[in-house]
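Student: Please find the sequence and the predicted model below.
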Amino acid sequence: MRASHGLAGLFLSPLLWSGIAAAADPVPPDQQLQPLFQQVQGAHLFPDQKTFADAIPRRAPADVLGAWHREQLQPGYALQTFVSDNFEMPAEAKAYTPPAGETLRAHIDGLWPVLTRQTGTVDPHGSLLPLPKPYVVPGGRFREVYYWDSYFTLLGLASSQQWQLVRDMVDNFAYQIDTYGHIPNGNRSYYLSRSQPPFFSLMVDLLATHEGDEAYRRYLPQLRAEHAFWMSGAEALAPGTAQTRVVKLVDGSVLNRYYDARAVPRTESWTDDLATAAQAPQRAPSQVYRDLRAGAESGWDFSSRWLDDPSALSSIRTTDIVPVDLNSLLYHLEVTIARASSAAGDRAGRRAFKQKADDRARAINSALWDAEQGWYVDRDLRSGQTRPALTAAALFPLWLKVATRPQARRTADAVEQQLVKQGGLLTTTITTGQQWDAPNGWAPLQWVAVDGLQHYGQDTLARQVGVRFLRTVQSVYDGEQKLVEKYVVDGSAGGGGGGEYPLQDGFGWSNGVTLALLDRLCAPKKRCDSAADVEEGNAP
């Protein structure tokens, strides 16, 4: 998990992270506590399997295991009692009730301190990993910082002029790259085997709007290290093969996929994954587990995007798919490294990464473009064909400026016809019961749509998506005095459903995108505190 020695000289001084004691190789609880962990999860002592993954042993795990081996042989042994005696369970977050009559913007501004954590010191026996500076969590069951969530949270913090907290969070992600060689899914030991969609370069971009080129120079080592993580193994690949997160197509184009270093059930969803693998007896369980984990790395956990049979999660094949959003994000990373290299006076670095970005853009616009249908798609490595479904991921090449103008126009037309609904942008056109499918709409994808469409002059459609989503958020807030993780956008405005856990309140990225949309769609020189303020005199 540690950064390679070849990159060590590039990293920020360890003095910047003084006072943080991270374990050299943190071990997740399913390994530390096996087989007790499996017995607890199999007994379903807790409605949410993440609860025990986040529990803290009251003494060294080896001592807890020894006591368990002895006590389970004794008369009167009860697993529930043993767990209660030997583990501290995570505390439930207190519900936050806003003051009566508070506007949507004021409510979100008031939530930032409620969702802010500082964990420079953590219990060495628990799964939480320390971070040197404060950070904002999503809320609900998500008690730690999450990688791609945080970019959209940062948009809101910037709107709230919380620039110190923006800088603190970017520093935390730089620290994780320095410490582990990559940014994990979240700051838990059980997330270290995977990352999430690579948004670090976008975070640096955002901070640079406040700090200028110094931000690019400061984080250039970490930007390059993240690129090295995603591209590890690329040099040795033969055409038509894949290794970890890198694939080489038969034409020699190098692109990326999602992956996870472990091939066992997810720690936080142990028995769910066992059950999913059992439904695919023709496949090796380890492959099902890795594909589930890779789906979690994608952030779209789970979606028909990754399934051969949209009705069966056991048909998941994430590692066989080249995703258009991931590769668009890596294009942005390469563009950003070129820009940061220029700011640092490294001309050779600028040229090298500009070439990498140009090569990737060509590959995206060839291998991940469906000219017949007129939208961006994912590619199936097994069949060698594109996967034809239209999803909100098709907008990432517009957002990150990979698309040509004709491609952007055709994509916008398709999105308008198939994905734009009364409450905002659908995630996919298919209703499956998975949370990253219809009828759900997710805040980050609304921002990708609005910002991306505006890049290509599709301002009317962009405004339509943004205003409709703001109405949905406002409607739920007016009725329930909260923001939630996801929303139904097909006309019956409300909190979204599906997936592996109940709808979560909070909620970091919904807060951030809501503020960003209020700012972006508000009339010039005005302040918008609600969806009605945005719509006043400008209804789409």
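Tutor: The structure has been received and is ready for your questions.
Student: Surely residue 119 touches residue 133?
Tutor: No: taking contacts as C-beta atoms under 8 Å, residue 119 lies outside contact range of residue 133: 9.8 Å. In this view, the C-beta of every residue, glycine as well, is placed from N, C-alpha and C.
Student: low pLDDT regions in this structure?
Tutor: 1-24, 537-540 (pLDDT under 70).
Student: Now name the helix or strand holding the residue sitting nearest the centre point of the chain.
Tutor: Most central in the chain under C-alpha atoms, centre = their mean is residue 148, positioned 3.4 Å from the mean C-alpha point. Counting by DSSP states H and E, the element that carries residue 148 is helix 147-159.
Student: and that helix, what does it pack onto?
Tutor: Counting contacts by 3 or more C-beta pairs under 8 Å, 6 or more residues apart in numbering; DSSP states H and E, helix 147-159 is packed against helix 104-115, strand 135-136, helix 163-180, helix 200-211, helix 443-455, helix 508-521.
Student: check contacts around the residue nearest to residue 104 when sequence neighbours are not counted.
Tutor: The shortest distance from residue 104 to any non-neighbouring residue, by C-beta to C-beta, 6 or more residues apart in numbering, is to residue 530 (4.9 Å). Residue 530 is in contact with 103, 104, 105, 474, 518, counting by C-beta atoms under 8 Å, 6 or more residues apart in numbering.
Student: So the residue of the chain positioned farthest from its centre: helix, strand or coil?
Tutor: For the chain, the largest distance from the centre (C-alpha atoms, centre = their mean) belongs to residue 75, which lies 46.6 Å off. At residue 75, secondary structure determined by DSSP: H, G, I helix; E, B strand; the rest coil is coil.
Student: Could you shift the numbering so residue one becomes 805, and keep it that way?
Tutor: Got it, the first residue is 805 from now on, which makes the last one we talked about residue 879.
Student: how about the helices and strands packed on helix 951-963 in CSV, adding distance to residue 1037?
Tutor: CSV is the format used below for the helices and strands packed on helix 951-963 (distance: least, C-beta to C-beta, whole Å):
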stretch, distance to residue 1037
helix 908-919, 37
strand 939-940, 31
helix 967-984, 18
helix 1004-1015, 20
helix 1247-1259, 29
helix 1312-1325, 31
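Student: For residue 1233, find the nearest of the ones you listed.
Tutor: Closest to residue 1233 of the helices and strands packed on helix 951-963 is helix 1247-1259 (C-beta to C-beta; 13.6 Å).
Student: by contact count, what packs against that closest one?
Tutor: Going by 3+ C-beta pairs under 8 Å, 6+ apart, helix 1247-1259 lies up against helix 951-963, helix 1200-1203, helix 1209-1222, strand 1228-1229, helix 1263-1284, helix 1312-1325.
Student: Same list (those) but as JSON lines, adding distance to residue 1005.
Tutor: JSON lines is the format used below for the helices and strands packed on helix 1247-1259 (distance: least, C-beta to C-beta, whole Å):
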{"stretch": "helix 951-963", "distance to residue 1005": "10"}
{"stretch": "helix 1200-1203", "distance to residue 1005": "13"}
{"stretch": "helix 1209-1222", "distance to residue 1005": "21"}
{"stretch": "strand 1228-1229", "distance to residue 1005": "24"}
{"stretch": "helix 1263-1284", "distance to residue 1005": "23"}
{"stretch": "helix 1312-1325", "distance to residue 1005": "17"}
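Student: Show the contacting residues for residue 988.
Tutor: The contact partners of residue 988, by C-beta under 8 Å, 6+ apart, come to 933, 951, 980, 995, 996, 998, 999, 1000.
Student: Out of those residues, who's the most crowded?
Tutor: Compared across the contacts of residue 988, residue 995 has the highest neighbour count, 27 neighbours, by other C-beta atoms under 10 Å.
Student: What sits closest to that residue if chain neighbours are left out?
Tutor: Closest residue in space to residue 995, ignoring its immediate chain neighbours: residue 989 at 3.8 Å, by C-beta to C-beta, 6+ apart.
Student: so who does that neighbour touch?
Tutor: Residue 989 sits next to 950, 951, 995, 998, 999, 1000, 1100, 1101 when contact means C-beta under 8 Å, 6+ apart.
Student: just the helices in the stretch 1005-1154 of the chain please.
Tutor: Under the criterion DSSP state H, counting those that start in this stretch, the stretch 1005-1154 of the chain contains helices at 1017-1035, 1074-1082, 1089-1102, 1128-1147, 1151-1171.
Student: Which secondary structure elements does the third one sit against?
Tutor: Right, the one you point to is helix 1089-1102. Here helix 1089-1102 touches helix 1074-1082, going by 3+ C-beta pairs under 8 Å, 6+ apart.
Student: which strands and helices sit next to the helix it packs on?
Tutor: The elements that helix 1074-1082 packs onto, with contact taken as 3+ C-beta pairs under 8 Å, 6+ apart, are helix 840-847, helix 1089-1102.
Student: Which of these sits closest to residue 974?
Tutor: Nearest to residue 974 among the helices and strands packed on helix 1074-1082 is helix 1089-1102 (20.8 Å), distances taken as C-beta to C-beta.
Student: out of the helices of the stretch 1005-1154 of the chain, nearest to residue 1118?
Tutor: Taking C-beta to C-beta, helix 1074-1082 is the member of the helices of the stretch 1005-1154 of the chain nearest to residue 1118, at 5.1 Å.
Student: Need the contact partners of the closest one.
Tutor: For helix 1074-1082, using C-beta under 8 Å, 6+ apart, the contacting residues are 834, 841-842, 845-846, 848, 853, 1069-1070, 1087, 1089, 1092-1093, 1096, 1117-1118, 1120, 1304.
Student: try it again with 10 Å
Tutor: The contact list for helix 1074-1082 (C-beta atoms under 10 Å, 6 or more residues apart in numbering) reads 833-834, 841-842, 844-848, 853-854, 856-857, 1068-1071, 1073, 1087-1093, 1095-1097, 1106, 1116-1120, 1304-1305.
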